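Peer 1: Just to be clear, the model below is a prediction. Sequence and coordinates:
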Amino acid sequence: GAIPVALSINGKSYALNLDPRTTLLDALRETVSLTGTKKGCDHGQCGACTVHVDGRRINSCLTLAVMHDGQQITTIEGLGQPDALHAMQAAFVEHDGYQCGYCTSGQIMSAVALLKEPCGPADADVKEAMAGNICRCGAYPNIVAAIQHVRQ
Ligand code: FES
């Protein structure tokens with residue numbers, strides 16, 4: 001049966017009753033209708049589902065919502081607003097860091113978390129740190145340029 005889970009998502013408290021097998025990704029998309037977080041592969045290989053848990057990036061398809069009781073979840077919807085973009089969102093726009101856009105929220109959530117991680121200054125360092133976020137359109141050079149713009 002369902003069990004109670006208290007999640008803080010983008011600063012708002014949610015008291016949910018979830019099947020304990022519900023992934024954090026499905027809880028976000030289907031239970032609270034925050035569909036900015038995307039489901040690409042649903043098994044940890046693409047990064048489209050990246051969100052922050054207590055400020056650290058995580059593939060939300062690989063973790064159960066019940067494991068995050070009491071933790072702070074941030075999704076792309078909590079990062080900025082259309083009229084007040086986060087610096088990383090603005091940089092992706094400026095540098096065309098997307099084509100179809102499906103991977104973009106995961107790319108941006110990963111990139112924002114990366115700002116607080118140890119990472120060398122070179123483009124190759126950024127590429128390695130972002131290796132968990134796949135872009136089927138191949139927008140990688142522009143994604144790296146956007147991230148470097150914010151880091152520098
Ligand atoms: Fe989670 Fe692909 S949907 S890594």
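Peer 2: Now that the structure is in, tell me what you want to look at.
Peer 1: Report the separation between the closest residue to Leu79 other than its chain neighbours and Met67.
Peer 2: The shortest distance from Leu79 to any non-neighbouring residue, by CB to CB, 6 or more residues apart in numbering, is to His86 (4.5 Å). C-betas here are computed from N, CA, C, even on glycine. Distance from His86 to Met67, counting by CB to CB, to the nearest Å: 26 Å.
Peer 1: and what of Val53?
Peer 2: Taken as CB to CB, the span from Val53 to Met67 is 9 Å.
Peer 1: now Asp19
Peer 2: In terms of CB to CB, Asp19 sits 14 Å off from Met67.
Peer 1: now Ala27
Peer 2: Noted for Ala27: a distance of 11 Å to Met67, by CB to CB.
Peer 1: Could I get the full set of strands for this structure?
Peer 2: Taking DSSP state E as the criterion, the chain carries its strands at 3-9, 12-18, 50-53, 56-59, 72-74.
Peer 1: List, one by one, the residues from this protein near the ligand.
Peer 2: Contact residues (CB under 6 Å from any ligand atom) of the chain with the ligand: Lys39, Gly40, Cys41, Asp42, Gly44, Gln45, Cys46, Gly47, Ala48, Cys49, Asn59, Cys61.
Peer 1: Now do the contacts for the closest residue to Ala91 other than its chain neighbours.
Peer 2: With sequence-adjacent residues excluded and distances taken as CB to CB, 6+ apart, Ala91 is closest to Ala146, at 4.1 Å. For Ala146, the contact set (CB atoms under 8 Å, 6 or more residues apart in numbering) comprises Met88, Ala91, Phe92, Glu94, His95, Gly97, Ala111.
Peer 1: rerun at 10 Å
Peer 2: The contact partners of Ala146, by CB atoms under 10 Å, 6 or more residues apart in numbering, come to 87-98, 107-108, 111, 126, 139.
Peer 1: could you flag which of the residues you listed are buried?
Peer 2: Met88, Gln89, Ala91, Phe92, His95, Gly97, Tyr98, Gln107, Ile108, Ala111, Val126, Ala139 (16 or more other CB atoms under 10 Å).
Peer 1: quick revisit: just the pLDDT for the residue nearest to Leu79.
Peer 2: Note for His86: predicted pLDDT of 98.
Peer 1: in this structure, which spans are helices?
Peer 2: 24-26, 87-94, 104-114, 123-129, 140-151 (DSSP state H).
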